[in-house]
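Q: need a 3D model of the sequence below.
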Amino acid sequence: MRPFRHRRLTALVALTTLLVTAAPPAAASAHDRSERRAGYHRVGYFTQWGIYGRAFPVKKLDTSGAASRLTHVNYAFGNVSEDGRCYVDGGPGEGDAWADYQRPVPAEESVDGVADAWGEPLNGNFGQLAKLKAKHPGLKVMISLGGWSWSTYFSNAARTDASRKAFVASCIDLYLKGNLPNLDGGSGGPGSGAGVFDGIDLDWEWPNWPGEPGNVIRVEDRENFTKLLAEFRKQLDAYGRTTHEHHPLTAFLPANPAAMDAGFEGRKIFKYLDFATVQGYDFHGSWDARTNQQSALRVPAGAPDSPDFSVEVAIDGWLARGAPRDKLVLGIPYYGQGWTGVTGGGNGLFRPVTGPAPATHAAGYEDYKKLKTLPADGYTVHRDLRAGHAWLFDGTTFWTYDDPAVVLQKMLYIRRTGLGGAMAWSLDGDDDNATLTKTMSLGLTTW
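A: Below is the predicted model of the structure:
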């Protein structure tokens with residue numbers, strides 16, 4: 001059966017590739033807007049810093065065809081101050097107002113082809129996201145707060161009733177009402193960013209659980225996270241009564257069952273969330289002393305760790321804790337984790353290593369758009385169809401990643417399991433044709 005199954009999946013992937021490469025990046029039609037409302041959530045993270053080394057401006061979401069296939073763009077990230085406020089005027093490493101809304105975007109990077117002038121109220125990524133929304137009606141843009149590096153002070157913000165009220169008010173004022181600070185006499189000012197963001201995405205990594213060193217952690221984070229969601233929902237609904245719109249609230253949730261129990265009150269949190277994205281990657285990585293999978297659908301046979309992580313373990317963990325199926329959105333990686341100095345031969349899986357693989361931006365981490373070219377450089381693509389993962393190996397260097405075949409397999413899993421959709425981290429890892437995003441969209445299209 002295995003050779004037949006392999007040929008069948010290969011044929012299906014070939015058809016998928018043909019469809020996603022042949023389809024032009026059409027403007028959003030009435031049908032497209034209807035699909036956004038009625039179908040699966042298709043969420044992609046846009047990184048603030050992607051405009052630099054990765055040369056990924058907002059315009060690429062339009063020209064690649066990604067924007068017309070997404071329902072939500074999550075902007076990564078907004079920071080949280082030590083005294084529990086949303087802010088954009090931090091020092092080095094604490095924010096980038098230049099990228100966010102100050103940088104005059106040149107015509108060649110602009111969604112509508114019109115260059116920004118210095119000092120306009122709204123420039124930078126925020127201004128381009130506003131133009132992207134104008135071109136793609138129905139596309140929601142969310143401000144994602146925190147992330148791995150900026151979750152340091154979430155616990156302070158969530159600690160008391162008063163701190164929660166002040167934190168939520170500051171986030172709505174800054175991002176939804178768009179009262180951006182004018183830091184240097186240029187862009188910003190009262191209401192300058194109004195209408196860019198539709199809602200809030202909380203990326204607290206993680207309540208009552210170790211994240212980046214230095215994060216403030218308290219046992220009461222678990223119940224305070226629920227209370228923080230309740231305050232966000234209350235104030236978002238109140239603001240919505242003035243805008244006559246629903247302002248969504250989402251959250252990013254961990255794959256580790258221990259972190260689920262330590263930091264989240266299971267069923268309770270979904271009373272306030274429109275949906276939640278679930279970490280479906282970084283199960284293993286270059287911090288490990290042997291090669292492994294970073295995003296497998298199921299734990300592979302022969303896996304050296306028991307228990308181990310997988311998509312199925314993560315989703316089943318949240319379902320067992322009371323999460324509604326249709327509010328779980330599965331995260332998929334647009335990058336790979338890699339090792340070099342692999343010994344032991346064979347296909348390279350579960351073998352000892354000497355360290356992280358060399359890569360473009362950070363050792364052990366490489367974008368899909370680069371990994372897809374490696375077979376031409378002597379790498380062999382390996383697949384485990386039962387476990388639902390793929391890897392590249394050249395005898396020395398090993399990369400675990402999601403290609404269109406794996407993405408399509410995960411979309412079928414989402415449909416079969418009754419989940420709410422898919423999320424991608426991050427959009428700048430895809431190729432210029434948005435192959436992975438188009439595969440995601442095709443796999444979740446209701447025919």
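
Q: centre of the chain to stretch 337-345, how far?
A: Distance of stretch 337-345 from its chain centroid, counting by C-alpha atoms, centre = their mean, to the nearest Å, is 27 Å.

Q: in stretch 373-381, what counts as buried?
A: L374, Y379 (16 or more other C-beta atoms under 10 Å). The C-beta positions use only the backbone N, C-alpha and C, and glycine is treated the same way.

Q: so what touches it?
A: N347, A390, W391, L392, F393, D394, T397, W399, D403 (C-beta atoms under 8 Å, 6 or more residues apart in numbering).

Q: stretch 296-308 spans what distance, first to last residue?
A: Using C-alpha to C-alpha, to the nearest Å, the end-to-end distance of stretch 296-308 comes to 11 Å.

Q: what about the helices in the stretch 301-447 of the chain?
A: 311-320, 368-371, 404-417, 435-443 (DSSP state H, counting those that start in this stretch).

Q: among the ones you listed, which is nearest M423?
A: M423 lies closest to helix 435-443 among those, at 9.1 Å (C-beta to C-beta).

Q: and that closest one, what does it pack onto?
A: helix 2-22, strand 41-47, helix 404-417, strand 421-425 (3 or more C-beta pairs under 8 Å, 6 or more residues apart in numbering; DSSP states H and E).

Q: least reliable of the ones you listed by average pLDDT, please.
A: Lowest mean pLDDT within those: helix 2-22, a mean of 47.

Q: buried stuff in stretch 141-153?
A: V141, M142, I143, S144, L145, G146, G147, W150, S151, T152, Y153.

Q: hang on, A251 in a helix?
A: No: with DSSP: H, G, I helix; E, B strand; the rest coil as the criterion, A251 is strand rather than part of a helix.

Q: and it, what are its bridge partners?
A: Counting by DSSP bridges, A251 forms beta bridges with L202, A276.

Q: any idea how far P210 is from it?
A: Separation of A251 from P210 (C-beta to C-beta, to the nearest Å): 19 Å.

Q: ok, those two, which is more surrounded?
A: Neighbours were counted for A251 and for P210 using other C-beta atoms under 10 Å; A251 has more, 26 against 11.

Q: what about the more buried one, distance to T437?
A: A251 is 22 Å from T437, by C-beta to C-beta.

Q: what do you get for R54?
A: In terms of C-beta to C-beta, R54 sits 16 Å off from T437.

Q: which one of these two has more residues nearby?
A: More crowded of R54 and T437, by other C-beta under 10 Å: T437, with 27 against 17.

Q: what about the more buried one, distance to Q128?
A: Applying C-beta to C-beta to T437 and Q128 gives a distance of 18 Å.

Q: go on, A434?
A: Going from A434 to Q128 by C-beta to C-beta gives 17 Å.

Q: contacting residues for A194?
A: Under the criterion of C-beta under 8 Å, 6+ apart, the neighbours of A194 are L176, K177, G178.

Q: in a markdown table, list those along with distance to A320, secondary structure and neighbour count.
A: Output for those, formatted as a markdown table (distance: C-beta to C-beta, whole Å; DSSP: H, G, I helix; E, B strand; the rest coil; neighbours: other C-beta atoms under 10 Å):
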| residue | distance to A320 | secondary structure | neighbour count |
| --- | --- | --- | --- |
| L176 | 34 | helix | 24 |
| K177 | 39 | coil | 19 |
| G178 | 41 | coil | 22 |
